[in-house]
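S.K.: this one's structure only:
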């Protein structure tokens, strides 16, 4: 099979390219810009394009498929040539379905927690010796790639993203996977640049439920009001399994599950992570993993990348980074840290980086989200707003949106770094939340300076 990737450098795209190469396909690709670590990983397999840019000579009748990434535009010259030649053109999720249509498909979706749940499932399945293919949205410890495609595995695990499929296909990605077993972790309005109302956003999850195979299984969070409404409405022909938080306790900074009178210590913490864990347990049950094996295996799970990830620590200080950016995620992560470290001073520093978070109309959704922090801080970059072609926002509007008179707002990353480095962090936890990088701040260097 000969497959060409348009925009091969993307995080998801280059992992799919590597997976197909490992499966024995002949893979080529192009992109107008490729960053690390994609560049080095593609180069290691001989898949890095010889030069950056688009070249229609890559598109020939010999290609069996062209895979189009979100980074490409609808008028991409290679895409236009592929259409002209009548080649089979797939989006990233379409091709994943194509590769898994004869397998049992398990899709994990939701506005929050889907990467962590997928990572938990894969961690346990590896220990249990269950062979599976997978696609996950983050680099996981112990896994070389984010996508695995094999000829033998009878199961494929998907992280199901609700964002758009491709520049020429406005369907959410998770509508294309047609699961046999699905999990939904929660619904909290996000991506307002694509889904302008909460009702419109919820409809994407209703449609996802309708796409589950007849007689299939839907596992859903019983603590989510929206899911408790739409799951029975849309899932009349499905087996419905609600889940919630398992029994647990915290002692000496360690969270432990309680099952049949026995304690199972964990490396992760936070009520939302324990909720995620219970969802993962149901998926593993569907694949024949006994509870005792699951509980033993999950004890060594250290978390998905950038999900309450410990960056640095000393005897009295800890620095965590977290991917939280939507209001519900911010609240959950901060609540987890507060619960885990009740006697410590908690500083929460949130970067507004997504289209939604940088929208003046959306800021009110963050009201109260940082109130649990002793030191609440928000950073945003006016330059990022300009690049996203959004109307400017002000520090005053951010203050009003968060509704917290103690809030500190920064728009210059150097001033933010200075503020953090000049603070006495004894008996404290610093939680850095962002889907970006605070305009180039090296969080590892920052954290080591704070704890060193």
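M.R.: Received the coordinates, thanks. The structure displayed is predicted, hence computed values, not measured ones. Numbers count the residues shown, from 1 in each chain.
S.K.: can you give me the helices in the stretch 251-400 of the chain?
M.R.: Using DSSP state H, counting those that start in this stretch, the helices of the stretch 251-400 of the chain run over 271-286, 291-298, 327-340, 382-387, 395-402.
S.K.: tell me what the third one is packed against?
M.R.: To tie it back to what came earlier, the one meant is helix 327-340. Helices and strands touching helix 327-340, as assessed by 3 or more C-beta pairs under 8 Å, 6 or more residues apart in numbering; DSSP states H and E, comprise helix 271-286, strand 317-322, strand 345-352, strand 428-433. For the C-beta atoms, the positions are set from N, CA and C on the backbone; glycine is no exception.
S.K.: Please enumerate residues in contact with it?
M.R.: Residues outside helix 327-340 that contact it (C-beta atoms under 8 Å, 6 or more residues apart in numbering) are 111-112, 186, 188, 250, 253, 255, 269-273, 308, 320, 322-324, 346, 348, 350, 365-366, 368-370, 372-373, 429, 431, 433.
S.K.: ok, now with 6 Å
M.R.: For helix 327-340, the external contacting residues (C-beta atoms under 6 Å, 6 or more residues apart in numbering) are 112, 188, 269-270, 272, 322, 324, 346, 348, 350, 365-366, 369, 372, 429, 431.
S.K.: Please, a PyMOL command that selects the buried ones among these?
M.R.: Provided next is the PyMOL selection string for whichever of the contacts of helix 327-340 are buried by 16 or more other C-beta atoms under 10 Å:
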select buried, resi 112+188+269+270+272+322+324+346+348+350+365+366+369+372+429+431
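S.K.: Looking at the contacts of helix 327-340, which one is closest to residue 173?
M.R.: Distance from residue 173 was checked for each of these by C-beta to C-beta. The minimum falls on residue 112, at 16.2 Å.
S.K.: For that closest one, which non-adjacent residue is spatially closest?
M.R.: The spatial neighbour of residue 112 that comes closest, neighbours along the chain excluded (C-beta to C-beta, 6 or more residues apart in numbering), is residue 329 at 4.9 Å.
S.K.: average model confidence for stretch 315-323?
M.R.: Taken as a whole, stretch 315-323 carries a mean pLDDT of 96.
S.K.: Give me the buried positions along it.
M.R.: Buried residues in stretch 315-323, counting neighbours by 16+ other C-beta under 10 Å, are found at 317-323.
S.K.: From the rest of the structure, what touches that stretch?
M.R.: Taking C-beta under 6 Å, 6+ apart as the criterion, the residues outside stretch 315-323 that touch it are 306-312, 333, 425-433, 435, 443, 447, 450-451.
S.K.: excluding its backbone neighbours, what's nearest residue 62?
M.R.: Leaving aside its sequence neighbours, residue 62 sits nearest to residue 2 (C-beta to C-beta, 6+ apart; 5.8 Å).
S.K.: mind listing what that neighbour touches?
M.R.: Per C-beta under 6 Å, 6+ apart, neighbours of residue 2: 26, 62-64.
S.K.: again with residue 9
M.R.: With contacts defined as C-beta under 6 Å, 6+ apart, the neighbours of residue 9 are 31, 34, 38.
S.K.: Great, nothing more from me.
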